[in-house]
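1. Only the shape, not the letters, is given here:
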């Protein structure tokens with residue numbers, strides 16, 4: 001188990017957004033994380049300027065590897081907001097093929113820097129709201145199984161489905177190449193019961209986003225929303241969870257990004273340790 005942070009949480013917001021690739025500051029987050037003793041970062045990838053993102057260029061990947069080695073900060077997972085912003089499973093014809101080619105390029109780039117988990121958000125604009133979208137998703141992804149297994153990678157889904165529906169959904173994908181990213185805050189905002197969710201599909205959870213939200217509302221500082229962290233961590237431990245916890249937490253409005261991430265890291269560690277006592 002390791003605790004990391006979502007890229008962009010250790011620098012100023014981009015255009016006031018809670019999450020976006022930090023074009024100006026992405027390099028300074030590596031030494032900032034090192035100073036906090038945090039050795040894990042989850043990359044973010046937007047559809048806008050997709051092929052300009054450092055992950056998607058040879059020179060950028062070389063720089064990522066340099067910074068990672070220099071500061072001891074690994075990049076093991078990627079949040080593909082691009083897949084939510086432009087979902088291939090809601091496109092048709094040539095547009096769908098272009099987006100699937102983007103997915104292949106993202107997997108190639110991710111493998112090149114050692115990313116193991118590529119997250120496809122099935123929420124908001126990526127939510128599966130029609131049977132044909134789900135069928136298109138499955139048709140587009142299942143052929144990738146062999147390459148994912150060969151490269152020791154997984155595609156993980158973040159979903160707004162309730163427990164039984166998500167358990168049924170993930171059973172349609174082989175466990176050696178596909179899994180679930182459990183987002184604590186999103187489940188709290190949807191009013192789902194963590195014990196029921198994790199009891200239903202906990203064995204398929206490969207990555208966890210630590211976040212707090214109010215019911216039907218927005219992201220708030222950890223411990224001030226509707227997330228039941230003791231129950232979540234207890235259920236994850238009972239399910240044998242051994243993956244990472246990524247801090248996808250509320251932004252620091254006072255500009256003390258490092259202080260906020262350090263505080264949330266300590267809270268997460270305390271909840272996890274308490275779940276084992």
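-> It's in. Bear in mind that the values here come from a model prediction, so they are computed numbers and not experimental data.
2. From here on, just use CA atoms for contacts and neighbour counts.
-> OK.
3. Quick check: which ranges of this protein have low pLDDT?
-> Residues of the chain meeting the criterion pLDDT under 70: none.
4. all strands in it, in order from the N-terminus.
-> 3-6, 40-44, 74-79, 117-122, 154-159, 178-183, 205-210, 212-213, 219-220, 244-247 (DSSP state E).
5. Within the sheet, what are the partner strands of the first one, with directions?
-> The one in question is strand 3-6. With DSSP bridges as the test, strand 3-6 is paired with strand 40-44 (parallel), strand 244-247 (parallel).
6. Pull the residues that contact that strand.
-> Identification of contacts with strand 3-6 by CA atoms under 8 Å, 6 or more residues apart in numbering yields 38-44, 244-248, 261, 265, 269.
7. Isn't residue 198 up against residue 234?
-> No: with contact defined as CA atoms under 8 Å, residue 198 does not reach residue 234; the gap is 9.9 Å.
8. rewinding a little: tell me which of the strands paired with strand 3-6 lies nearest to residue 180.
-> Counting by CA to CA, residue 180 lies closest to strand 244-247 out of the strands paired with strand 3-6; the figure is 12.3 Å.
9. and the closest one, how far out from the chain's middle?
-> 9 Å (CA atoms, centre = their mean, to the nearest Å).
10. in it, what's buried?
-> Buried positions in strand 244-247, judged by neighbour count with 16 or more other CA atoms under 10 Å: 244-247.
11. do stretch 1-16 as well
-> So, applying 16+ other CA under 10 Å, buried residues of stretch 1-16: 3-13.
12. just to revisit the earlier point, hmm, which of the contacts of strand 3-6 are the buried ones?
-> 38-44, 244-248, 261, 265.
13. now residue 111, nearest residue through space, not along the chain?
-> Using CA to CA, 6 or more residues apart in numbering and skipping residues adjacent in sequence, the residue nearest residue 111 is residue 151, 6.9 Å away.
14. Roughly how far does the one you found sit from residue 10?
-> 30 Å (CA to CA, to the nearest Å).
15. next one: residue 215
-> 26 Å.
16. ok, back up a step: for my notes, please list the strands paired with strand 3-6 in TSV and give distance to residue 133 for each entry.
-> Below are the strands paired with strand 3-6 laid out as TSV (distance: least, CA to CA, whole Å):
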stretch	distance to residue 133
strand 40-44	24
strand 244-247	28
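17. looking at those, which is closest to residue 155?
-> Per CA to CA, nearest to residue 155 of the strands paired with strand 3-6: strand 40-44, 14.0 Å.
18. What angle do strand 117-122 and the closest one make with each other?
-> Inter-element angle recorded for strand 40-44 and strand 117-122: 50 degrees (by axes from the mean of the first three to the mean of the last three CA atoms, to 10 degrees).
19. Format the strands of the chain as JSON lines; extra columns: distance to residue 59.
-> Converted to JSON lines, the strands of the chain look like this (distance: least, CA to CA, whole Å):
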{"stretch": "strand 3-6", "distance to residue 59": "22"}
{"stretch": "strand 40-44", "distance to residue 59": "17"}
{"stretch": "strand 74-79", "distance to residue 59": "17"}
{"stretch": "strand 117-122", "distance to residue 59": "21"}
{"stretch": "strand 154-159", "distance to residue 59": "25"}
{"stretch": "strand 178-183", "distance to residue 59": "29"}
{"stretch": "strand 205-210", "distance to residue 59": "28"}
{"stretch": "strand 212-213", "distance to residue 59": "36"}
{"stretch": "strand 219-220", "distance to residue 59": "35"}
{"stretch": "strand 244-247", "distance to residue 59": "26"}
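20. Please work out which of those strands is packed deepest.
-> Compared across these, strand 212-213 shows the largest average neighbour count, a mean of 26 (mean count of other CA atoms under 10 Å).
21. now, among the contacts of strand 3-6, which is nearest to residue 20?
-> The closest of the contacts of strand 3-6 to residue 20 turns out to be residue 44 (CA to CA; 6.9 Å).
22. looking at it, the closest one is touching residue 75, isn't it?
-> No: counting by CA under 8 Å, residue 44 sits too far from residue 75 to count as a contact (10.5 Å).
23. is it true that residue 209 touches residue 247?
-> Yes: the pair residue 209 / residue 247 is scored as a contact, 6.0 Å apart, by CA under 8 Å.
24. returning to that earlier point: please determine how far the residue nearest to residue 111 is located from residue 145.
-> 10 Å.
25. Fine by me, we can end here.
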